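Enquirer: give me a model of this one.
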Amino acid sequence: QGVLVPGLGTFAVVPEQINSTEEVYVVRRPVFQLDMDMSCLQELVFPTVMIPGDIVIMPLDYWWLSQTNSLPPDLVRGCVEETILLYSFQLRDRQHPAFAFENIGILSCQDNVLCMQFHCSCVAGLESQDTWVTLLLT
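Expert: As a prediction, the model looks like this:
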């Protein structure tokens with residue numbers, strides 16, 4: 001399953017088959033597919049990530065987020081929307097702040113390359129059997 005964060009992109013977990021000389025591994029790997037207004041991304045390069053069509057993409061669940069922090073869903077939605085808008089304005093103004101997602105990773109821009117770097121703990125939490133293979137891939 002994937003989660004669409006409107007105005008920013010989609011987080012998903014995709015299965016990936018890895019062939020080694022000894023065996024075949026199928027691992028679950030986190031990916032981020034950027035979906036921002038291209039005018040924000042002037043002169044920036046970002047990796048093209050394609051989420052397979054069979055992955056179910058759900059909208060961000062503002063009600064669930066509101067339950068985790070005791071804020072009303074409408075307030076949570078407004079905070080998320082304003083934060084993404086601020087981030088896009090900063091990118092447009094050629095500022096390159098890091099955008100941290102708690103327990104997931106960091107969207108950062110280094111040398112004009114905008115990319116998502118997942119925390120090792122996020123990757124390890126998705127794949128218990130072949131964690132080291134998944135970490136190498138991610």
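
Enquirer: what's the single longest helix in the protein?
Expert: Longest helix in the chain, counting residues (DSSP state H): helix 73-92.

Enquirer: can you tell me what sits against it?
Expert: 5-8, 36-37, 39-42, 44, 60, 62-63, 65-66, 69, 71, 96-97, 99, 109, 114 (C-beta atoms under 8 Å, 6 or more residues apart in numbering). Every residue, glycine included, has its C-beta placed from N, CA and C.

Enquirer: which of the residues you listed fall in strands?
Expert: Val5, Phe99, Cys109, Leu114 (DSSP state E).

Enquirer: now do the third one, the pLDDT please.
Expert: Going back to what we said before, that points to Cys109. What the model reports as pLDDT for Cys109 is 88.

Enquirer: can you tell me how far the residue nearest to it when sequence neighbours are not counted sits from Leu114?
Expert: Leaving aside its sequence neighbours, Cys109 sits nearest to His96 (C-beta to C-beta, 6 or more residues apart in numbering; 3.7 Å). Separation of His96 from Leu114 (C-beta to C-beta, to the nearest Å): 8 Å.

Enquirer: those two: who's more crowded?
Expert: Leu114 (19 against 15; other C-beta atoms under 10 Å).

Enquirer: and Glu22, that's in a helix?
Expert: No. Glu22 sits outside any helix when classified using DSSP: H, G, I helix; E, B strand; the rest coil, being coil.

Enquirer: separation between His96 and Leu86?
Expert: In terms of C-beta to C-beta, His96 sits 14 Å off from Leu86.
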